[in-house]
Each structure stands twice: as structure tokens, then as C-alpha cells.
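Undergrad: Any chance you can model this:
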Amino acid sequence: MKNKELFLSIMVYIYICILCLLITACNPNNPLEQTLEQAGHNRIELEKVLEHYKNDRSKYKAACFLIEHMSKCYSYNNPIIDSLKQLKWLSTQYGEGKWTDSVVRVWTNFPYQKSQKIYDSQIITAKYLIENIDLAFDIWKRRPWAKHYSFDDFCQYILPYRISDEPLESWRKIYYDHYAATIDSTYRGNDIVEIAQAANELFLKDKFDWNTHFTLPHLGPLFLLKHHVGGCRESCDFTLYLFRALGIPTAIDSYLISPQTNGQHSWNVLKDTTGLLVPFWFMESDVKRGQNDGRPKGKVYRTMFGGKLTDVTIEYFGENKAEIEIDCPQEIKQISLCIFSCGKYKEIDKATRFGKKVIFHNLEPGVRFQPMYRKNKTLFPVGYAFSITQTGNVYLYKPNTLNKQKAILTRKYPVHAHFKEYLECMTGLIIEGDQSKNFKNPYLLGYIKDTITTNQIWFDSIPSFPIKYIRLTPPGNFHIEIGEIIFFDTNNKKLDASIYKAPLARDSKHTEKCILDGNFLSYYESKEKTKEPIILSFSQRSQIGKILFIPRNDDNFIRKGDKYELFYQNGTNGWKSLGKQIATTGELIYNNIPSGALLWLRDLTRGKEEQLFILKTNGKQYF
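TA: Numbering: from 1, shown residues only. Just a heads-up that it's a prediction; the model follows:
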């Protein structure tokens, strides 16, 4: 009786599989059939995989998942890409110098997207897919936490054989063999977050070289295993390959444009056994529950297999919605949700209008958004900028032109967390002078007592006697990071100085010569944390009238001599100017600011990093 029931079950399953294949063949819009059609002569390889797993229901479904989503998977065929990948690595090994600068100037905007696309469906082999599926299932079944996840979780966060447009390579076994034994011996418990942290710590022992030279597709698993080099994207790619090879369900989340600073950012996210997400980025944080990197994000998207970006903002900030009144031509159906970055708005989402309103769903509270519409590649505002509160209320940045306030402006761009570190590292710097290089009778010329809040520090209470040598003694708790130091005589004439001695520099691009090169943005950085002083010398003994010290900085403070223009956002009327000024000090004063307005300060002389801000009641900026 049991044998008869088993036989009937098998026959029913085979019948269902045959029926599914017949339905697929008759439905050209079916994703599986679309990929098989795209495969052309390689269709036979994909069908081999389906045939191979016809008696294994789970693996058959997994194979269907991969093939269904494969149609948009590809890599690029261009030997220049491989050459630039090697140059990226070489620049970290032999130091960045003039050769790097010249190569970067030529290739930094290399249009790799114009290279030939090689679609997976047309070249992938049955052997490759079967190996990937079998290895993924094998490690997954051996992991104690697998029982807490659905089959869909497995397909989304373990099974995929690629991330995006990297080379098609067999990586899963190589990563597992390289790391698994060590990690499993480090932690033998059942907590997925703990074993993820063990993997994180193992990789942190290896140096990851930060290098964002060149615009390239994803570098690929085997290149990253051999060369730990790149930016946040590459570090996240490596982590994803490693974690998935170990059976840890992982994805990559990102924001398309920062609401605070310029550019994108990516990080990894682990799906916990409780269903909650655990975001982390090994370059700056451990893998642990409940942490927040503090970066404003606006909207968060997850990279899924097949290149699709899925909006997962709700997982970070909960469910909410903003209903906004709009004013634009009736023929406009799609309204863009935009974020301002470096002089222009960029789209991060879209919604369909209904009448004179639009609803945007799942937004980060506190972030300033602008509703806009696109016409002939140009974005136009459809109303006032807005933000949503933690309680779900919508706040409009509507300027009150009848109630004016005073503004005291010191920057055009927010202070990034890393920039705060640059300033902090020189707190405690002592500047001394002497007639002898041995500094037997040093005279105090300057001392940075408090954390630096500007990029220009003047010392003008100078002892009235000539000196020959200058000694800069750092606090010793950090790497030395100095942008520039300039000495003036009592007639306000710049004195010629040279480097006598300095601690070893980090690399050939950030040497001690940067301290005296006249460029406020170039900087010297010591290779090690040190208290060893920097010694400068004058060509002859000189009387110093004042000293200008420039820490490593982003040059976004108000700069004397630069021409600025301040704007406020006025709904569908766009940006309205509040006047131009040439800075005579490190501050700009405006007395005609509409209260409640969203403001934008442009430096018309230099630079491109600019961000929106509002005014506090005391007239100070709040980015």
C-alpha cells in the first residue's frame, strides 16, 4: 500500500512538472521562457539544469528562480576594464604619485557601459549553475539557523551566483575553502550574528586599501579575494561573497544620493533569525544588533539578483506617507521625489499623481525632499520642499517673506564625520621657534588648545625677535594631518620656508611638501600615529608677524575673497536670490532672510560641494 502511494505521489509530481513546462512553453511572457528564448543556442545548457533537478523539487525551484531572473544578468567584455583593475591595485601597492594622477585624468570617466555586454543566459554552462546550486544547498542544510528562514529567503540571500555586472566566475567553493575552517573554529555557537562577526574580524585582519580611482563595473569575486581594494561598494561585494559562501543570508543596501553629502553609499545587511535586519559595514562597524551608522539616507534600496533595486526604506524607518499638494501641468502623470546634492536635484523615487496631490510612501523622517516633474530632461518644482516627522506629520519649508531674520553663514556644506576627525587630530598642536635647530631655547609661537572649528587659524601674538627654525609638535594621539602653514613678516610679506625634517609620510601623494605648496586642499599625512615633530627652516633669521595654519580640510568654509550668492526655495517659482557678497572674513552676514525658508549658498568662485540648510533662531546654519 505504501509503495503504491509513493508511486502515485511521484507520478503526480512528474505530471505537475510536465504541465509547468508545457504552460511555460505556451506562454512567451513567462520569465523562464523569456530567458530560454534569450539564451539562443545556449538554451540547451539551461534545459540541462532543469532536467538534472527534475526529481528534486527544491533544487528544481531554485534553478527556475535563477533562470527566471537571469535575463538581465551580464558582464562586460573590454580588456581596458581588466587593465584599469590592475592599475587600481598597483596604485595602492607602490604609492600614488604623478603616474597615478596622469592615468586617473585620462581614465577616470572611462565609459565602460558602452562596452560589449555578455549576457549570462548566452554563455553560462549547466556545470556552473549546478555547482552553484549544489554548494548553496549543501552549506545551507548544515547551518543550524536555516530552519528559521523561508525558501524565498534562501533564494534571495544565499543562492544567487552574482551581484551585478561583475565577471562570471566560480567563487563559492573558493571563498568557503579559504575562510570556513578558521571562522568555524573561532565560533561554534548557533547565533548567526556572532558567526558573522567572527567572519568580519577575520577579514579585518587583512588590510583593505581604500581606492576609488576609475569608473568601473563591479570588480568580481576572484579579484577581490586576491586584492582587497576599492571603496564601500567593493568592500560590500567582498562581504557578500564571503557570507553567502558561509551560508549567512546577506544583501547589499544603499542610498542613491546622500541627503547630507555628495555621492552614494553602500553597506551590508544580514537577515537575523528573528526576521529583523542587521545593517553593518565592516570598514567602520562590527556586526551587531540595533546599531545605526547615523547617515541620513532618504530612501534605501536593496540590490536583488537580476539587478533589480527594491525599496526597503520601511525596514529602516517604518511605514509612513507624505501627501503633498502639487501645481504642474495636467498632462504630467509622474511626480519625482528628489534630493538636492551639489547644485542640483536628483531623483530617488517616483509616484503617480491623483488630481492636485501626490503621495510618497516610506520616507526617512527629517530628510528634506523636493517634489518635481521632468520635462525635456529638466526638473521643475511642483511645490515647496518638505520633510516628514517621526509621528508622520508633513512639514513644508514655506518661506515667510513678511518675517525676516538675520543669517550668520560660515560654511556652504555640512561638516562630515571624517572631517571632524581631521580637525580633532591637530588639537594640542604646539608651534615653536628658535634660532637653533636643536631648540635649546624654544619660544612659543602658537598653540591649538580647543578643537578646530574653521579651516584658517591665525596666530598674531608673536614674540618680537628673529628666528631661524620652526617646530610643529603634534599631540601624538593621531596621525599628523596638515593642509598648509604660512608665515608672514611684520610687513605682511610671506616668508620663504622649507622642510628640514618630518615623520615618514603615508604615501608619495601626501608628503611633507604639501605643507608649503600653497594649496589648501593638498595635505601631509604621517604614516604612523606619532609625537615626532616637524621641523621647518627659513633661509635666514626672520621676524614673524603672524602665522596662518590650515588643517586638513574640505575648503567649504567661507573663504576670504570668494564671491557668494544666497538663494531661498520658493515653491513652484524655484530658487530666488537674496544677493551676492564677496567674503571679507570667515563669515557672511545676511539680514533679509525669509523665516522658515530652505537656503542654498553658492560659492561662485570655486568648488562644487554645496548643500541646503535652514536657520536656527540665533541665525546659525543647520544643515
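Undergrad: Distance-wise, check Ser164 relative to Gly306.
TA: 10 Å (C-beta to C-beta, to the nearest Å). No exception for glycine: its C-beta is placed from N, CA and C like everyone else's.
Undergrad: no, scratch that, I was asking about Gly392
TA: Applying C-beta to C-beta to Gly392 and Gly306 gives a distance of 33 Å.
Undergrad: Between these two, which is the more surrounded one?
TA: Gly306 (18 against 13; other C-beta atoms under 10 Å).
Undergrad: doesn't Ile67 make contact with that one?
TA: No. Gly306 is beyond contact range of Ile67, at 10.7 Å (criterion: C-beta atoms under 8 Å).
Undergrad: Overlap of the contact sets of these two?
TA: Counting by C-beta atoms under 8 Å, 6 or more residues apart in numbering, no residue touches both Gly306 and Ile67.
Undergrad: Could you tell me the end-to-end distance of stretch 101-112?
TA: End-to-end distance for stretch 101-112, by C-alpha to C-alpha, to the nearest Å: 20 Å.
Undergrad: who touches it?
TA: Tyr76, Asn78, Ile80, Ile81, Leu84, Leu87, His213, Phe214, Thr215, Leu216, Pro217, Lys509.
Undergrad: where exactly do the strands run in the stretch 401-550 of the chain?
TA: 430-434, 443-447, 457-459, 467-473, 479-489, 497-501, 524-529, 534-542, 544-551 (DSSP state E, counting those that start in this stretch).
Undergrad: Next: the stretch 201-350 of the chain.
TA: Using DSSP E, counting those that start in this stretch, strands in the stretch 201-350 of the chain cover 209-210, 229-230, 250-255, 265-271, 277-280, 301-303, 309-311, 321-325, 334-341, 344-352.
Undergrad: least reliable of those strands going by mean pLDDT?
TA: The minimum mean pLDDT among the strands of the stretch 201-350 of the chain belongs to strand 209-210 (a mean of 87).
Undergrad: Any idea what the most centrally placed residue in the chain is bridged to?
TA: Centroid-nearest residue in the chain: His265, 2.1 Å away (criterion: C-alpha atoms, centre = their mean). When assigned by DSSP bridges, His265 has beta-bridge partners Tyr255.
Undergrad: can you offset everything so residue one is 10?
TA: Let's use 10 as the start, then, which means that last one is His274.
Undergrad: Which residues are in contact with the nearest residue to Ala205 once chain neighbours are set aside?
TA: Closest residue to Ala205 apart from its sequence neighbours, by C-beta to C-beta, 6 or more residues apart in numbering: Val296 at 4.4 Å. If you count contacts by C-beta under 8 Å, 6+ apart, Val296 has them with Val202, Ala205, Gln206, Asn209, Leu279, Val287, Phe289.
Undergrad: The last one touches Asp262, doesn't it?
TA: No. With contact taken as C-beta under 8 Å, Phe289 and Asp262 are classed as non-touching, separated by 10.4 Å.
Undergrad: if I look at the two, which residues touch both of them?
TA: Taking C-beta under 8 Å, 6+ apart as the contact rule, Phe289 and Asp262 both touch Trp276, Asn277, Val278.
Undergrad: Would you mind giving those residues as TSV with neighbour count and distance to Asp218 added?
TA: Below are the shared contacts of Phe289 and Asp262 laid out as TSV (neighbours: other C-beta atoms under 10 Å; distance: C-beta to C-beta, whole Å):
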residue	neighbour count	distance to Asp218
Trp276	23	19
Asn277	27	19
Val278	23	24
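Undergrad: Of those residues, which is the nearest to Cys347?
TA: Closest to Cys347 out of the shared contacts of Phe289 and Asp262 is Trp276 (22.9 Å), distances taken as C-beta to C-beta.
Undergrad: can you pull out the helices in the stretch 110-259 of the chain?
TA: Secondary structure of the stretch 110-259 of the chain (DSSP state H, counting those that start in this stretch): helices at 129-132, 135-150, 160-166, 181-195, 201-213, 230-235, 241-254.
Undergrad: if we can go back for a sec, tabulate the strands of the stretch 410-559 of the chain (CSV), appending mean neighbour count, mean pLDDT and distance to Ile183.
TA: As requested, the strands of the stretch 410-559 of the chain are exported to CSV (neighbours: other C-beta atoms under 10 Å; pLDDT from 0 to 100; distance: least, C-beta to C-beta, whole Å):
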stretch, mean neighbour count, mean pLDDT, distance to Ile183
strand 439-443, 20, 96, 52
strand 452-456, 17, 94, 55
strand 466-468, 15, 91, 52
strand 476-482, 21, 96, 49
strand 488-498, 22, 95, 35
strand 506-510, 14, 96, 47
strand 533-538, 18, 94, 33
strand 543-551, 17, 95, 46
strand 553-560, 20, 94, 44
